[in-house]
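In: sequence and computational prediction follow.
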Amino acid sequence: MGTLFEDVYQNFTYHIRIGEQKVERKFTVADFPLMNPNDFIVLVERFYSLNQTKISKQIALTRGQKLIGRFLGAYLRNFSNYDFEIAKLFNENVPAANKELVGISKYSDGKILQNPWGVVYKGRLMKKGALKKLFFDMDKKEKFPTTFIEGMITRVEVNNENSEEAKKEVVAHLKWWIAIRKELTKAFQMI
């Protein structure tokens, strides 16, 4: 005799409270691809804490937790295709996006450019290559390790040629990516 849910797609309904206002959201497994990544990670953390208190012994919760774990694993696997640090968690490599750009030699280290959007820095295209001016493309920040991005934040902040508005925008964008990466790393440790 089989179990209650054998050979049946289990589209459980979940409830989660999000934000400072603790707004309740209801969703099913079919909603996972459309969820905000932070909400999804909060959900996984919730299941993890329930598991620690041994509440998750109910069949539905345990199976629901497995479905969520599988989805999160696939979600992170997708990130590993292009994010430097998430790829490392899966023992994979993502090539750095160091880029030469015509005409940037006149700009100082840490200078923000608007078109294309990025930052000029001194670096090497190869480990033993000569130092040269390179372009950090803000749209390819995920190709660099967090320590490099933190260094880019410092370069931007100390460059007096950058406007305060441009500094604020670039720094906020890079810190946002570092925070997302931190959450994704934390989620990886839960699956």
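Out: Structure's in. What do you need?
In: only C-alpha atoms from now on, for both contacts and neighbour counts.
Out: OK.
In: longest helix anywhere in the protein?
Out: Longest helix in the chain by number of residues (criterion: DSSP state H): helix 164-190.
In: buried sites along that helix?
Out: Ala166, Lys167, Val170, Val171, Leu174, Trp177, Ile178, Arg181, Leu184, Ala187, Phe188 (16 or more other Cα atoms under 10 Å).
In: using pLDDT, spot the least trustworthy of those.
Out: Ranked by pLDDT, those bottom out at Ala187, which scores 76.
In: so how far is Leu89 from it?
Out: 11 Å (Cα to Cα, to the nearest Å).
In: and for Leu72, the neighbour number?
Out: 23 (other Cα atoms under 10 Å).
In: the bottom helix or strand of the chain by mean pLDDT?
Out: Within the chain, no helix or strand scores below helix 37-52, which has a mean of 64 by mean pLDDT, DSSP states H and E.
In: now distance to Arg155 too, for the buried residues of helix 164-190, in JSON lines please.
Out: As requested, the buried residues of helix 164-190 are exported to JSON lines (distance: Cα to Cα, whole Å):
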{"residue": "Ala166", "distance to Arg155": "13"}
{"residue": "Lys167", "distance to Arg155": "10"}
{"residue": "Val170", "distance to Arg155": "11"}
{"residue": "Val171", "distance to Arg155": "10"}
{"residue": "Leu174", "distance to Arg155": "12"}
{"residue": "Trp177", "distance to Arg155": "17"}
{"residue": "Ile178", "distance to Arg155": "16"}
{"residue": "Arg181", "distance to Arg155": "21"}
{"residue": "Leu184", "distance to Arg155": "26"}
{"residue": "Ala187", "distance to Arg155": "30"}
{"residue": "Phe188", "distance to Arg155": "30"}
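In: between those, which is nearest Lys26?
Out: Ala187 (20.9 Å; Cα to Cα).
In: can you show me the helices along this structure?
Out: Using DSSP H, helices in the chain cover 37-52, 59-79, 84-89, 146-158, 164-190.
In: and stretch 153-166, which residues are buried?
Out: So for stretch 153-166, counting by 16+ other Cα under 10 Å, buried means Ile153, Arg155, Val156, Glu157, Asn162, Ala166.
In: between those residues, which is closest to Trp117?
Out: Ala166 (10.4 Å).
In: skipping adjacent residues, who's closest to the closest one in space?
Out: In space, and not counting its chain neighbours, Ala166 is closest to Ile112: 7.2 Å by Cα to Cα, 6 or more residues apart in numbering.
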